[in-house]
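[1] following is a predicted model, sequence given first.
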Amino acid sequence: MAMAAVGGMLASAVIKLVIGQIHSTIGGEIKLHKNMKKDLENMKMTLESVEAVLSDAERRSVMDQSALLWLERLKDAMYDISCMLDDFEAETALLAATMNKIKMPRKMKEIQKRLQKIADDRNNYRVLPEIRSEQKQVPDIRETAGNVEETEIIGRTHEKLEILARISDSTTQGTTILPICGIGGIGKTTLARLVFNDSEFKQYSKMWVYVSQKFEMKKIGNILISQLSSESPISDDLHSIQTRLQDLFTGRRILIILDDLWEKNPSRLQELKAMLKQGEGSKVLVVVTTREKSIAQEIGSVDPFELPPLSDQMCWDILKVKSKFETRQDKERLEPIGKEIARKCGGVALAAQSLGHMLKSKTYDVWDSIRSNHIWNLSASKETSSTHEVLASLLLSYNFMPPHLKLCFAYCAVFPKGHTMISANLIHQWIALGFVEPSSTFSTLQLGESYIMKLLEMSFLQHSKIGYKYGKRKDGTLFIMHDLVHDLARSIMADEFNLEGPNCRYACPTDCSKTLKSSRNSPTKIRALYFTGNVSNSDAFSPAKHIRVLDLWTNNKHDLTVCIGQLKQLRYLSFSGGQAQINPRCIGMLSKLNYLRISSGGLRVLPESIGEIKGLMHLDLSGCLNLKELPLSFAKMRELVYLDLSGCCGVSGIPKALGGLAKLQHLDLSACKNLRGLPDAIVNLTELRYLNLSQCLRYIFDNSRDQTKSFIDRICTLPNMKQLDLSRNNYPLIIPDSASHLTKLLLNGCHQIIRFPKCVHNIHDLAYFGPKLRGFSVYAGDMSNNIYLL
């Protein structure tokens, strides 16, 4: 399947987004000139007429180049309408003080003519209206989010036992390397995870390394070191890394999974093998997953295990589980259709999982249309012939997504393969780009979480193995995207993620030294830039006047924020700057922000105008060591849900600033010192779910046990409080019985715990620690309402 072959399949989602934006402008607070209102209504009607034929156009675009061209022209016009409306809103805000009505800009007339031409041209492309049989919807927002379990694994028990037998035969000391090879999506990583979690290796030190297409020997070595010890990464000295691994491996039994190895250079693979053969008296078992048999033969110390495709029956078993087939009343009628669909999955588990979930609750007619869908007949290119079936099945699942979910999924193409995504950041980027469908019932954050859940259920996102090992980050769950799913996302985005192409909208630049003006693309089209390297010059982003998402870091001490302050459409800003100078007035100019993260020693004050950023929901200033004070206007940010001031040791004004933040759910004040008066402010935060007061209590109270107990009790009885972190408070603590209301309580490094609540289990096992339990750490698990000592 060629990369651009499905590039038109995003058009219906984009037009839905723009129709919503026009509707918001018409019904918004801005007083429109009557002619402009009429023109906007006419434009909306034209788009709705075009929308009616998009289903047919997208279906044709996969095989028909003329239909694809028409969709690309339509999509380009949609983005231009969106930018025009953004500009109009910005200009209106500037002129509102002197003018009551704004006349329609000339650009409106030009776009109207262009849009009408596109609408008329649909007849030339033989695009016809099509009646949809059902309305697709995102599942109920109330579905549980977060603790998603591993999908039930079907059909790999025999393979797991064979792998275990092969590596268990190696009873002697030394290193055994067993490769698993097979096509993408067939289940190599799933099989490796089964081995990794098997009880046979309970006494082993276990490590998991995601290698990816970018092979970095030092990175692999440092990951192994970090998982075997609590040490910081070793610098760029490979010899030092190997020496440290030799020390750590000595005398131990170790299991290592090297997942997704792509490196083909024999000499580099031999270097990797040498690095793994370390440690006197050690037994090291290494399982490697790779798509290439030649790589498997080069890296292995034993014969590779070639993972066969699943049988058609196994694919049908997976499809039945994911579609809840056994609960259906019409299953006898559906079974022959389902089995035929299962045969089209090509023995690939990922395809069966995705299709199965998509078919859940669908009618007989939909099952039948999936069986005979034209997408199965797409001709595969030489590069993708082995994975044609899985890509076709994934494309079918994508095609049944609601429009807003299509945009959210396709946007993930901007990130490199193997990139770890943080749920909170990803959701806020979706919100900033307008991808989250407005709702009168649920907040945009709740809807974003439901989109994450939907993509997880469809296997379009997967939990990161890092996330499973180390738990959730405080700013969200970690996700990755399977390589084949990433290929699909990029084929849908076509050239919209390619900075060198003429239609780039979302980009992750690899060369951060280049200026946007040097690319073929018009910089004003770009809506999101995600930099992975050091940005030293503002020309790398400043020409993108319509940018909504900007994520960058710099070690340059020059002030880049002056240029950032000119980006009036910016909704999401993540800025890491070391000691970079920051002009606070420029930050205050970004009135449309909903997400702001600054990590820099150069931030000393916040502007009073920050209180005018009415839509700000997420504010992360963690590590801004030189921040002195929160302005009085801080309390005006009434939409704020997330606030992280951890490490802002000297900042003052926190208790007063919290007074107006009625929607706050997440608050991190760890290592903050100026906290007198905090108890009175905290008790009014009735929506609070997470609170971190690590290293804080002695700055709130002098040494009063009674006051501390009363304060903790008031926190634990807040109506929505779930997680409380009181770690590293070397201070007398009495934990009240109300702590049983929490799902998680962290007391790591608390050496003066006077009393635990009655709900603590197995307290008798700790008697030898003495009355104050000196040197003891406590962690409360999140799987129960009780607190357990670990």
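    Right, received. Where do you want to start? Residues are numbered from 1 along each chain as shown.
[2] could you find the closest non-adjacent residue to Leu228?
    Nearest residue to Leu228 in three dimensions, chain neighbours excluded: Leu248, at 4.6 Å (C-beta to C-beta, 6 or more residues apart in numbering). Yep, even glycine has a C-beta here, placed from its N, CA and C like the rest.
[3] the one you found and Lys324: what is the separation?
    Between Leu248 and Lys324 the computed distance is 47 Å (C-beta to C-beta, to the nearest Å).
[4] re earlier: report the contact partners of the residue nearest to Leu228.
    The contact partners of Leu248, by C-beta atoms under 8 Å, 6 or more residues apart in numbering, come to Leu224, Ile225, Leu228, Ser229, Gly279.
[5] now do Ser439
    With C-beta under 8 Å, 6+ apart, Ser439 has these contacts: Leu447.
[6] please report phi then psi for it.
    As for Ser439, its main-chain torsions (degrees, to the nearest 10) stand at phi -140, psi 140.
[7] name the SS class of Leu667, please.
    Following DSSP: H, G, I helix; E, B strand; the rest coil, Leu667 is assigned to strand.
[8] what about the nearest residue to Ile220 once chain neighbours are set aside, neighbour count?
    Closest residue to Ile220 apart from its sequence neighbours, by C-beta to C-beta, 6+ apart: Val209 at 5.6 Å. For Val209, the neighbour count with other C-beta atoms under 10 Å is 21.
[9] buried among the contacts of Leu248? Make that a ChimeraX selection.
    Selection of buried members from the contacts of Leu248 for ChimeraX, criterion 16 or more other C-beta atoms under 10 Å:
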select :224,225,228,279
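[10] surely Pro607 is in contact with Asn583?
    No - using C-beta atoms under 8 Å, Pro607 is not in contact with Asn583; the gap is 9.0 Å.
[11] just the strands in the stretch 301-450 of the chain please.
    Secondary structure of the stretch 301-450 of the chain (DSSP state E, counting those that start in this stretch): strands at 305-306, 421-422.
[12] element containing the residue nearest to Ile220, please.
    strand 205-212 (DSSP states H and E).
[13] residues in contact with that strand: which ones?
    For strand 205-212, the surrounding residues in contact (C-beta under 8 Å, 6+ apart) are 196, 220, 223-224, 227-228, 252-263, 417-418, 465-466, 469, 480.
[14] need the helix or strand of the chain with the lowest average pLDDT.
    None of the helices or strands of the chain scores lower by mean pLDDT, DSSP states H and E than helix 465-470, at a mean of 50.
[15] so for whatever helix or strand comes next after that one, mean pLDDT?
    Where DSSP H and E defines the elements, the next helix or strand beyond helix 465-470 is strand 478-480. The average pLDDT for strand 478-480 rounds to 89.
[16] buried ones in strand 478-480?
    For strand 478-480, by 16+ other C-beta under 10 Å, it's Leu478, Phe479, Ile480.
[17] how about stretch 218-227?
    Neighbour-count burial for stretch 218-227 flags Lys218, Ile220, Gly221, Asn222, Ile223, Leu224, Ile225, Gln227 (criterion: 16+ other C-beta under 10 Å).
[18] for the stretch 301-450 of the chain, which segments count as helices?
    All helices of the stretch 301-450 of the chain, identified by DSSP state H, counting those that start in this stretch, fall at 312-323, 331-343, 349-359, 364-371, 388-399, 403-411, 423-432, 444-457.
[19] of all those, which one comes closest to Asp87?
    Closest to Asp87 of the helices of the stretch 301-450 of the chain is helix 423-432 (C-beta to C-beta; 17.0 Å).
[20] now the biggest helix by length in the chain: buried residues?
    When the chain is parsed with DSSP state H, its longest helix is helix 65-95. Across helix 65-95, burial judged by 16+ other C-beta under 10 Å covers 67-68, 70-72, 74-89, 92.
[21] stretch 640-653 now?
    In terms of neighbour count (16+ other C-beta under 10 Å), stretch 640-653 has its buried residues at 640-649, 651-653.
[22] what's near enough to touch Lys277?
    Counting by C-beta under 8 Å, 6+ apart, Lys277 touches Gly174, Thr175, Val284.
[23] need the pLDDT of it.
    Model confidence at Lys277 (pLDDT) stands at 85.
[24] and it, its phi and psi?
    Torsion angles, degrees, to the nearest 10, at Lys277: phi -100, psi 70.
[25] repeat that for Gly174.
    phi 120, psi -170.
[26] then the one 3 residues further on?
    Taking degrees, to the nearest 10, you get phi -120, psi 110 for the backbone angles of Ile177.
[27] just checking, it touches Gln297?
    No - Ile177 is not in contact with Gln297 according to C-beta under 8 Å; the separation is 11.3 Å.
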